[in-house]
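Q: fold the following and give me the result.
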Amino acid sequence: MRQAKLGIAPIAWWNDDDASLSDDVTLEEALRQASVAGFTGMETGRRFPMDMNELGPNLDQFGISVCGGWFSGLLLDGDIEAEKDRIAAQMSFFIAADAPSIAYGETAQSIQGIRSAPLATKPKLTEAEIAAYGRKMSDFSDWCAGQGMPIAYHHHMAAVIETEEELDHFMKHSSVPLLYDAGHMAFAGGDVMRVIENHASRISHVHTKDVRMDVINSVDRSKESFLDAVIKGAFTVPGDGSLNFGEIVKALAASGYEGWFVVEAEQDPVKNPPLEMAKVGHKELLRVMAAANYEVTK
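A: Residues are numbered from 1 along each chain as shown. Okay, here's the model as predicted:
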């Protein structure tokens with residue numbers, strides 16, 4: 001029986017790209033709600049202190065551990081030495097927190113946080129350009145792992161590696177571990193099952209983000225941005241959306257994946273109360289985990 005842990009991202013409570021999509025709760029209340037919903041891990045966000053002496057007692061109070069967190073990378077246009085300096089503090093904190101990895105998101109040239117930028121204007125690279133980028137990312141990834149904190153590469157809507165084809169090229173020309181996010185891949189028009197089949201051996205972290213395909217299909221990508229889509233309700237938790245997480249989780253189990261499954265569903269917390277949605281996501285994950293013969297551990 002394979003081992004799995006269930007975590008959640010604080011983006012359900014406070015959005016880092018659009019502060020208007022945030023609930024007026026403290027870090028302690030978000031941790032409490034995550035614990036009540038049944039989760040044992042939370043990724044970091046903007047209200048997390050980057051100091052385990054300060055954060056540790058709060059985590060212990062609610063039985064929560066740090067199960068990852070986002071780093072806004074700039075390596076596409078920058079150099080490795082600068083990125084080493086930029087990630088150093090987070091790396092030290094994550095090592096102290098015994099986190100599994102850092103989620104590397106490439107924000108250079110990305111339009112994911114620009115509400116005035118339509119999705120159709122996202123950056124596009126040739127395969128040769130992706131190959132050069134992949135070599136830089138591989139060197140950086142190797143250095144991070146050597147320091148004791150691996151990264152997992154987060155393909156992302158409105159960023160340089162968004163589509164299935166872009167991800168395929170990136171994986172071909174790099175050796176970087178992959179953060180698999182079914183929601184982002186579905187939004188990008190990719191085949192979420194084929195991505196697992198093609199890249200299973202590289203998946204080191206999983207975001208269980210669901211989508212509302214009716215909302216995604218209504219987005220005018222020539223006029224509307226990624227944030228517009230989020231505000232409209234493109235994303236949600238497993239059990240409340242369009243993706244078949246039963247099949248996704250079975251495929252991950254068959255591939256040998258063990259580790260964290262993290263609910264990361266940014267949406268309006270007023271329309272979608274975080275505690276209520278967290279309970280829906282946790283219940284669905286327990287159901288599909290059992291069907292895939294995972295043992296959910298603390």
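
Q: if I look at the residue lying closest to Glu264 once chain neighbours are set aside, how far off is Arg46?
A: Nearest residue to Glu264 in three dimensions, chain neighbours excluded: Ala9, at 3.9 Å (CB to CB, 6 or more residues apart in numbering). The C-beta positions use only the backbone N, C-alpha and C, and glycine is treated the same way. For Ala9, the distance to Arg46 equals 12 Å [CB to CB, to the nearest Å].

Q: those two - which one has more neighbours?
A: Using other CB atoms under 10 Å as the criterion, Ala9 and Arg46 rank with Ala9 on top: 25 against 13.

Q: correct me if wrong: the more buried one contacts Gly41.
A: No. Ala9 lies out of contact with Gly41 (CB atoms under 8 Å); the separation is 9.7 Å.

Q: which residues touch stretch 114-133?
A: Under the criterion CB atoms under 8 Å, 6 or more residues apart in numbering, residues 18, 75-76, 109-111, 157-162, 166, 169-170, 172-173, 219-229 lie in contact with stretch 114-133.

Q: among the residues you listed, which ones are in helices?
A: Mapping these onto helices (DSSP state H) picks out 166, 169-170, 172, 226-229.

Q: please pick the buried ones from these.
A: 166, 169-170, 226-229 (16 or more other CB atoms under 10 Å).

Q: what's the farthest-apart pair in those?
A: His169 and Asp228 (27.5 Å; CB to CB).

Q: longest single strand anywhere in this structure?
A: strand 2-8 (DSSP state E).

Q: could you pull out the buried residues of that one?
A: Buried, per 16+ other CB under 10 Å, within strand 2-8: 2, 4-8.

Q: what packs against that strand?
A: Here strand 2-8 touches strand 41-42, strand 259-263, helix 274-291, strand 294-296, going by 3 or more CB pairs under 8 Å, 6 or more residues apart in numbering; DSSP states H and E.

Q: elements contacting the helix or strand encompassing Pro57?
A: Assessed by DSSP states H and E, Pro57 sits inside helix 52-62. Under the contact criterion of 3+ CB pairs under 8 Å, 6+ apart, helix 52-62 touches helix 27-37, strand 65-66.

Q: all set now, cheers.
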